[in-house]
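> sharing a model that was predicted from the sequence below.
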Amino acid sequence: MAKLKSIIKRYRVFILLLVANIFIVIINPDLGKKSLQISWKNTIEMLAIIPPIFILLGLLDVWVKKDTMVKYMGEKSGIIGVLLAFLLGSAAAGPLYGAFPVASVLLKKGSRLSNVMIMIGAWSTTKIPLLLFEASSMGLKFTLIRFILNLFGIGIIAYTTEKVLSNDEKSLIYNKALARDI
Amino acid sequence: MTKTMYIIAFIMLSMSFVKSKKNTKLALKKAWKSFENILPQFLAILIIIGVALAILTPAQISKLLGNESGWIGVIIAALLGSVTLIPGFVAFPLAAALLGSGAGYMQIAAFISTLMMVGIVTIPLEISYFGKKAAVARNATAFIFSIFVAIVMGVLM
């Protein structure tokens, strides 16, 4: 019973939204059904993408030692850390919110915050399969201009985010990552 | 790409299994746990996207983002991109279609850039990982950067 209660509590926003959506179906069947169809299609699409990301994440958490992560992506990792973060983000698949659990594991293992932010930036906007897709629908010129600007943009966004945080706020983020099971 | 991810995951998983059964089991447990962690927000986000996309049709979007919509069009595009969450393989054909039906490059660049980098719907999730300040700083900087990308596109395209 207590378990059911905690599940309901965790999923309450989703349940509310689902009820609201069903309500829309009743008052405006076309709109309601269309939205449920889109949600369902997206759900299936995401469920197809997500399993390998989380499996790799679990393996990363179990096998990569903290020392290794600190060495390659930590405070003193320099350009190697930046490049690794960029490649990691660009090679990923899936929506941006899939990057947050990955970020959490990187932080937990001692990766530098700006590198984690670079991974998130690359994940959001320079994913390799998406670039190919962008080029085929928007043209090469548009894609190249955006890609080159993004290379700078990702860095600017990452370092600005790191800069605005005090040391206390940073350690709070690391503590959050440590407290998470993954 | 998804196929590649599955192949990589499978190879890694097999290697891990050969090395240690116990660790592999632990890894899968952790994988499930971290997925279950974001599942509530994830499902909520999917419903929000569904409703938003059902309300906003491509015809409405292209009316808002026409070439003559100018700066206001850029701002509207940037805001639309910030609050919507469309997978890239849907967004790019949509953007190309919008360009075809009269939207401007500046507006489309603002839309695409914020769509990918700024996430208002996902900000509660981002805050739960990075705290309020970092999440707001990242999204705000990404928004300003996207406007800059739009301006450059307006000049170069």
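Ah, there it is.
> where in chain A is pLDDT low?
A:93, A:181-182 (pLDDT under 70).
> mind giving me the domain ranges of chain A?
Each domain of chain A is listed here as a residue range: A:1-50, A:64-179, per automatic domain parsing.
> packed most tightly, which of those domains would that be?
domain A:64-179 (a mean of 19; mean count of other Cβ atoms under 10 Å in any protein chain shown). To be clear about C-beta, it is placed using only N, CA and C from the backbone, and glycine gets the same treatment.
> just the terminal-to-terminal distance for that domain.
End-to-end distance of domain A:64-179 (Cα to Cα, to the nearest Å): 18 Å.
> say whether chain B is contacted by it.
Yes: against chain B, domain A:64-179 shows contacts by Cβ under 8 Å from any Cβ of the partner chain at A:93, A:95-97, A:100-101, A:103-104, A:117, A:120-121, A:124-125, A:127-130, A:133-134, A:136-138, A:141-142, A:145-146, A:149-150, A:153, A:156-157, A:160-161, A:164-165, A:169, A:172-173, A:176-177.
> mind listing the helices for chain B?
Along chain B, the segments classed as helices by DSSP state H run B:2-19, B:21-55, B:58-64, B:70-83, B:88-100, B:105-117, B:123-156.
> nearest to residue A:21, of the ones you listed?
Proximity to residue A:21 (Cβ to Cβ) singles out helix B:21-55 among the helices of chain B, at 5.7 Å.
> what residues sit buried inside the closest one?
Of the residues in helix B:21-55, B:24, B:26-28, B:30-31, B:34-35, B:37-38, B:40-54 count as buried by neighbour count, 16 or more other Cβ atoms under 10 Å in any protein chain shown.
> what does stretch B:10-21 give?
Quick answer for stretch B:10-21 (16+ other Cβ under 10 Å): B:12, B:13, B:16.
> list the contacts of residue B:18.
For residue B:18, no residue meets the contact criterion (Cβ atoms under 8 Å, 6 or more residues apart in numbering or on different chains).
> among the residues of domain A:64-179 next to chain B, which are in helices?
Counting by DSSP H, the residues of domain A:64-179 next to chain B place A:100-101, A:103-104, A:117, A:120-121, A:124-125, A:128-130, A:133-134, A:136-138, A:141-142, A:145-146, A:149-150, A:153, A:156-157, A:160-161, A:164, A:169, A:172-173, A:176-177 in helices.
> nearest spatial neighbour of residue B:105, skipping sequence neighbours?
Spatially, and ignoring its direct neighbours in sequence, residue B:105 is nearest to residue B:157 (4.1 Å; Cβ to Cβ, 6 or more residues apart in numbering or on different chains).
> now do residue B:150
Closest residue in space to residue B:150, ignoring its immediate chain neighbours: residue B:110 at 3.8 Å, by Cβ to Cβ, 6+ apart.
> can you tell me the closest non-neighbouring residue to residue A:40?
Spatial nearest neighbour of residue A:40, excluding adjacent residues (Cβ to Cβ, 6+ apart): residue B:50 at 7.8 Å.
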